[in-house]
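*Asks:* requesting a structural model of the entry that follows:
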Amino acid sequence: MAATHLVRGELSLAGSYLRIARQRGPTFTSQVVEVFSRQPHALFIRLVERVSRMHLLPNGELARIRAAVLPKLGGASHEVDIRVAKVLSPHQNMQRVTHQYHAPSVIDCKRFIVAGSSSNPYVWMINAHLDTVGLTVHFVSGFSGLMQALGEAQENGEFPHVHLDTWLSRREAMQLTSALRPTSTLSVTAHDLEQNHAIRPKVTGASVLIERANAIHVLTRSALTRLGREELNGDARIMRVPHPSYYGPQSGSYGLPQDRMEARRHLHRDLSEFSVGLVGRISDRKNVELLLDAAEILHKMQGIKQQPRVYISGSLRTRFAERIVRRTAALPNVTLITDDLDDETAGRHAAALDAAVVPYHGYLNSGWTLLALSAGVPIIASRESTASEVVPADALTEFAEGDARSLAEAILSLVGRDRSLAERAARRGADEVHPNEIARLYAYEMAARIFRA
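*Replies:* Numbering: from 1, shown residues only. So this is what the prediction gives:
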């Protein structure tokens with residue numbers, strides 16, 4: 001039926017049938033991909049490519065179908081099509097890490113349930129010293145893991161604690177708070193604004209979570225104002241503990257700080273280039289296209305003695321992945337690395353930069369900022385963001401939020417400048433939030449609120 005509408009040029013109807021078919025699950029998708037691999041009719045390939053032109057999150061059903069047809073197109077953009085296909089249908093392992101929970105021998109220890117992920121060691125760093133205050137961490141995978149662990153603990157007669165590092169949907173928030181018994185406790189870290197770029201404000205469960213929470217962790221002074229929660233100022237549940245830097249054994253295998261020239265040699269980069277960029281998984285909220293807009297402006301500028309090179313390093317987990325790949329292919333001053341980088345490689349990519357760009361949409365917190373400071377790399381961030389609360393002034397260059405020309409000028413202002421002062425300031429900023437000290441502070445502040453409940 002979809003093919004019939006495609007031949008007639010009725011793209012909207014054809015797309016509707018394809019979406020219905022897609023809902024049948026991975027079996028349908030696998031069969032479609034197999035058909036394309038057997039070199040089907042060229043007209044059908046072009047029609048499917050045309051109807052699938054939309055913003056697709058990599059590894060989704062329709063994204064994988066589109067990835068199967070793109071390499072079959074041929075033509076002038078063949079190499080770019082192949083690259084887009086690899087991004088839309090990645091082979092990375094996206095599984096979260098789950099740790100088996102072992103009940104402590106000390107009876108009055110409280111189980112602290114939190115979702116852990118292999119993609120960012122923040123969770124391991126911040127929770128590293130909870131055992132010193134009578135909290136035994138139980139790492140789980142995702143919301144379903146939280147609910148399962150909570151149920152098991154409460155049925156076992158425990159008084160567990162649940163911690164969230166992200167806002168839930170209203171439905172999930174209601175499900176969680178309904179499952180919590182009066183003797184169980186809850187905390188939440190405000191890492192992101194409620195109006196996350198990928199979640200509409202009306203479906204977030206922030207209000208439900210804040211009402212039930214025994215502790216509310218913020219990372220910057222302005223967090224409550226930015227959340228529109230000024231009425232919570234002075235609330236004893238609020239604890240302000242900054243994001244830790246990426247140093248030490250709990251912080252992954254980034255190997256920071258490290259020498260910039262050595263990092264560039266490992267990556268086979270020009271030792272004399274001036275480079276800026278962004279390292280880490282690219283989600284919608286990171287607004288990488290603002291950085292591409294700035295790179296395009298820089299490319300078109302006349303009379304620049306040294307053209308800055310822009311690096312974007314990390315897997316694309318954004319609906320705009322295809323557009324990003326196609327745009328970078330047309331920008332000679334941009335290098336896009338779409339690999340899912342391990343910690344060691346990510347650390348090297350960060351260390352190789354002269355400055356780190358934080359082009360994000362409105363945000364509360366940026367782990368990328370702390371990773372860059374840990375590498376001794378100065379920061380370029382918007383003056384409307386929380387960067388000035390985190391980054392020492394000598395290590396920060398600001399631009400007007402959402403303004404690509406302002407960002408381009410900020411990048412250009414650093415070319416040829418002596419960076420020694422900025423680099424020392426960046427390392428000082430990282431030293432001030434060493435994970436050992438931050439984890440101890442977090443443990444103390446959390447325990448004071450949990451055990452008071």
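
*Asks:* OK, contacts around Leu43?
*Replies:* Listed by Cβ atoms under 8 Å, 6 or more residues apart in numbering, Leu43 has no contact partners. Quick note: C-beta positions are derived from backbone N, CA and C, even for glycine.

*Asks:* list the buried residues of the strand or helix carrying it.
*Replies:* For Leu43, the element it lies in under DSSP states H and E is helix 42-51. Going by neighbour count (16 or more other Cβ atoms under 10 Å), the buried part of helix 42-51 is Phe44, Ile45, Leu47, Val48, Glu49, Val51.

*Asks:* do you know how far Ala395 is from Ala372?
*Replies:* Ala395 sits at a distance of 9 Å from Ala372 (criterion: Cβ to Cβ, to the nearest Å).

*Asks:* can you dump the C-alpha coordinates of the host helix or strand of Ile113 into PDB?
*Replies:* Element membership of Ile113 [criterion: DSSP H and E] is strand 110-115. Extracted C-alpha coordinates of strand 110-115, given in PDB (Å, rounded to 0.1, in the frame of the first residue of the first chain):
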ATOM      1  CA  LYS A 110      20.400   2.400  54.200                       C
ATOM      2  CA  ARG A 111      20.100   1.300  50.600                       C
ATOM      3  CA  PHE A 112      20.700   4.200  48.200                       C
ATOM      4  CA  ILE A 113      19.200   3.300  44.700                       C
ATOM      5  CA  VAL A 114      20.500   5.200  41.700                       C
ATOM      6  CA  ALA A 115      20.700   4.600  38.000                       C
END
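
*Asks:* partners of it, with directions?
*Replies:* strand 135-140 (parallel), strand 161-164 (parallel) (DSSP bridges).

*Asks:* indicate which one of those is closest to Thr183.
*Replies:* For the strands paired with strand 110-115, the distance to Thr183 is smallest for strand 161-164, at 10.5 Å, taking Cβ to Cβ.

*Asks:* can you list contacts of that closest one?
*Replies:* By Cβ under 8 Å, 6+ apart, strand 161-164 touches 110-115, 135, 146, 150, 176, 180, 184-189, 209, 450.

*Asks:* can you name the element that comes right after it?
*Replies:* Toward the C-terminus from strand 161-164 - assigned by DSSP H and E - lies helix 170-179.

*Asks:* neighbouring contacts of that following helix?
*Replies:* When contacts are defined by Cβ under 8 Å, 6+ apart, helix 170-179 is touched by residues 143, 146-147, 150-151, 154, 162, 168, 186, 203-206, 208-209, 212.

*Asks:* which parts of it are buried?
*Replies:* Counting neighbours by 16+ other Cβ under 10 Å, helix 170-179 gives Arg170, Glu172, Ala173, Leu176, Thr177 as buried.

*Asks:* same check, this time on stretch 252-268
*Replies:* Gly252, Tyr254, Gly255, Leu256, Pro257, Gln258, Arg260, Ala263, Arg264, Leu267.

*Asks:* now the residues you listed as CSV including pLDDT and distance to Glu401?
*Replies:* Shown next, in CSV, are the buried residues of stretch 252-268 (pLDDT from 0 to 100; distance: Cβ to Cβ, whole Å):
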residue, pLDDT, distance to Glu401
Gly252, 81, 30
Tyr254, 93, 28
Gly255, 92, 32
Leu256, 93, 28
Pro257, 90, 29
Gln258, 92, 31
Arg260, 96, 28
Ala263, 97, 30
Arg264, 98, 30
Leu267, 97, 30
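
*Asks:* in helices only, show me those.
*Replies:* Arg260, Ala263, Arg264 (DSSP state H).

*Asks:* for Arg383, state which of those residues is nearest.
*Replies:* Among these, Arg260 lies closest to Arg383 (Cβ to Cβ), at 26.4 Å.

*Asks:* for the closest one, give me its contacts.
*Replies:* So, once contact is read as Cβ under 8 Å, 6+ apart, Arg260 ends up touching Ala351, Ala352, Leu353, Asp354, Gly376.

*Asks:* tally of neighbours for the closest residue to Val415 other than its chain neighbours?
*Replies:* Distances taken as Cβ to Cβ, 6 or more residues apart in numbering put Phe274 closest to Val415, at 5.0 Å, once the chain neighbours are dropped. Residues within reach of Phe274, counting by other Cβ atoms under 10 Å, total 19.

*Asks:* now for the closest residue to Pro257 other than its chain neighbours: which residues touch it?
*Replies:* Counting by Cβ to Cβ, 6+ apart, Pro257 lies nearest to Gly376, which is 4.8 Å off, once chain neighbours are set aside. Neighbouring residues of Gly376 by Cβ under 8 Å, 6+ apart: Leu256, Pro257, Arg260, Ala351, Glu423, Arg424, Ala426, Arg427, Ala430.

*Asks:* shouldn't the first one be in contact with Arg348?
*Replies:* In this case it means Leu256. No. If you go by Cβ atoms under 8 Å, Leu256 and Arg348 don't touch, sitting 9.4 Å apart.

*Asks:* re the thing from before, would you show me how to pick out the buried ones of the contacts of helix 170-179 in ChimeraX?
*Replies:* The ChimeraX selection below is limited to those of the contacts of helix 170-179 classed as buried (16+ other Cβ under 10 Å):
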select :143,146,147,150,154,162,168,186,204,205,206,208,209,212
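
*Asks:* can you name the two of the contacts of helix 170-179 that sit furthest apart?
*Replies:* Checking the contacts of helix 170-179 with Cβ to Cβ, the most distant pair is Gln154 and Val203, at 27.2 Å.

*Asks:* just the strands in the stretch 251-400 of the chain please.
*Replies:* Taking DSSP state E, counting those that start in this stretch, the strands of the stretch 251-400 of the chain run over residues 275-279, 309-313, 334-337, 355-358, 379-382, 396-399.
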